[in-house]
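Q: Give me coordinates for this.
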Amino acid sequence: MTRPSAMMPVVKAWIPIHLAVLLAAYGWLYWDSALALSTVLGLWFFFPVGVVGALIANATGTGGGVVFVPVFSALQDGGIALPPALLQIATLKPEETVAVSFAIQCFGMSVGALVWGHGIFVKDALAWDEKVSAQTLMALTFTPLATGVPALLLTQFYVEVDGAALLGWFKVFSLLLGITLLIFAWMQRRNAAKDRKIWVSPTELWVLLALGAIGGFATALFSVGIGEFLAIYLILRRFPTKVAIAVAVWVSVVCVLCGVWEGYFTGLVRSEIVLIAVPGAIVGGALAKGMAQVLGTLWLKTLASLWIIGSSLNLLLG
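A: Residues are numbered from 1 along each chain as shown. Sure, this is the predicted structure:
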């Protein structure tokens, strides 16, 4: 079996390139914005929101939109009191919420993806019974991307959804997602003694293609979806949890990097919010893998599921 460390030179070369691109993108957003110190001081809470969103996204494979959207909804509904000038900046339409979530995840999940890649390919951090070959990791990653990215882009260009309906669908989608994550987290605990799966079958590749298409459609609408579907399916199939989360993060970051442009070029991305949240998202993305190890997979997924369920119920009942 080819060890994942065979990808070590590629990953080590790519990490500084990717970080340089992120720095340049952040500089471009700052140059293109009208960010003032008063705005930063007034909307400071987007920094910890970015931290929490990236922590959940990169430690569980769940998109950060499950954190960002409830916060934006609370702002829109008056749940967070702000001066009128700041409220005008922070209050987003549903389609703007999705675009901003895409932009923040481009940074936070990128850092998380690099951390996972470094841990698996460079540090060779997987346990002996969790070693998955580089070929299998590439198959698990690129197979859902083959259908996920086209589905995402086609949905963005051809599917128009009313903003109010979009928010309503997100509430239901995130509630079902949280319940599903909670169930599978504890099912995984019950099946923990079973042998880990370290290879992928042709049937599983076909399922990954289907999940990619469905997840790409959902991600285009809600900024979350494809990573969650992949993480749940791979854990259900008894792949190592770290592998399932890493693959979900890698696939998600490619999708958000491809999907962010539609919102950016149509003027839906509020750069001021992104600029405040991104440093927090970078911190969360860098810490996520370590937090996953400290808390343990079961309790981390349980806490993330309870957050999603609670915020979804708050949105529905509010």
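Q: give the contact list for the most centrally placed residue in the chain.
A: Closest residue to the average C-alpha location of the chain: Gly63 at 2.7 Å, with CA atoms, centre = their mean. Each residue near Gly63 by CB atoms under 8 Å, 6 or more residues apart in numbering is listed here: 57, 101, 105, 109, 219, 222-225, 227-228, 252, 256. Every C-beta, even on glycine, is put in place using the N, C-alpha and C of the backbone.
Q: which residue sits closest to it in space, ignoring its chain neighbours?
A: Nearest residue to Gly63 in three dimensions, chain neighbours excluded: Val224, at 3.1 Å (CB to CB, 6 or more residues apart in numbering).
Q: OK, contacts around Pro62?
A: In this structure residue 62 is Thr, not Pro. Counting by CB under 8 Å, 6+ apart, Thr62 touches Ile56, Leu177, Leu181, Val224, Gly227, Glu228, Ala231, Ala304, Ile308.
Q: about what we covered before: for the residue nearest to Gly63, helix, strand, or coil?
A: Under DSSP: H, G, I helix; E, B strand; the rest coil, the three-state class of Val224 is coil.
Q: ok so, going back, what separates the residue nearest to the centre of the chain from Val249, distance-wise?
A: Applying CB to CB, to the nearest Å, the value for Gly63 to Val249 is 10 Å.
Q: Identify, from the contacts of Gly63, the entry nearest to Ala36.
A: Relative to Ala36, the closest of the contacts of Gly63 is Ser101; by CB to CB it sits at 23.2 Å.
Q: can you tell me the helix or strand for the residue nearest to the centre of the chain?
A: Under the criterion of DSSP states H and E, Gly63 resides outside all helices and strands.
Q: circling back: just the buried members of the contacts of Thr62?
A: In the contacts of Thr62, burial by neighbour count holds for Ile56, Leu177, Leu181, Val224, Gly227, Glu228, Ala231, Ala304, Ile308, counting by 16 or more other CB atoms under 10 Å.
Q: So among those residues, where is pLDDT lowest?
A: By pLDDT, Ala304 ranks lowest within these, coming in at 72.
Q: The helix or strand harbouring that residue - contacts with which helices or strands?
A: Element membership of Ala304, judged by DSSP H and E, is helix 297-317. The contact analysis (3 or more CB pairs under 8 Å, 6 or more residues apart in numbering; DSSP states H and E) places helix 297-317 against helix 46-60, helix 65-76, helix 163-190, helix 271-295.
Q: who's in contact with it?
A: Contact with helix 297-317 is made by 56, 59-60, 62, 66-67, 70, 73, 167, 170-172, 174-175, 177-179, 181-182, 184-186, 188-189, 241, 291-292, 295, as judged by CB under 8 Å, 6+ apart.
Q: Any chance of a ChimeraX selection covering the buried ones in those?
A: Buried members of these, identified by 16+ other CB under 10 Å, are gathered into one ChimeraX selection as follows:
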select :56,59,60,62,66,67,70,73,167,170,171,174,175,177,178,181,182,184,185,188,241,292
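Q: picking that back up, now render the helices and strands packed on helix 297-317 as JSON lines, adding distance to Phe142.
A: Converted to JSON lines, the helices and strands packed on helix 297-317 look like this (distance: least, CB to CB, whole Å):
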{"stretch": "helix 46-60", "distance to Phe142": "20"}
{"stretch": "helix 65-76", "distance to Phe142": "23"}
{"stretch": "helix 163-190", "distance to Phe142": "24"}
{"stretch": "helix 271-295", "distance to Phe142": "22"}
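Q: With distance to Ile120 added, can I get the buried ones among the contacts of Thr62 in JSON lines?
A: Converted to JSON lines, the buried ones among the contacts of Thr62 look like this (distance: CB to CB, whole Å):
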{"residue": "Ile56", "distance to Ile120": "20"}
{"residue": "Leu177", "distance to Ile120": "25"}
{"residue": "Leu181", "distance to Ile120": "22"}
{"residue": "Val224", "distance to Ile120": "23"}
{"residue": "Gly227", "distance to Ile120": "16"}
{"residue": "Glu228", "distance to Ile120": "20"}
{"residue": "Ala231", "distance to Ile120": "15"}
{"residue": "Ala304", "distance to Ile120": "21"}
{"residue": "Ile308", "distance to Ile120": "26"}
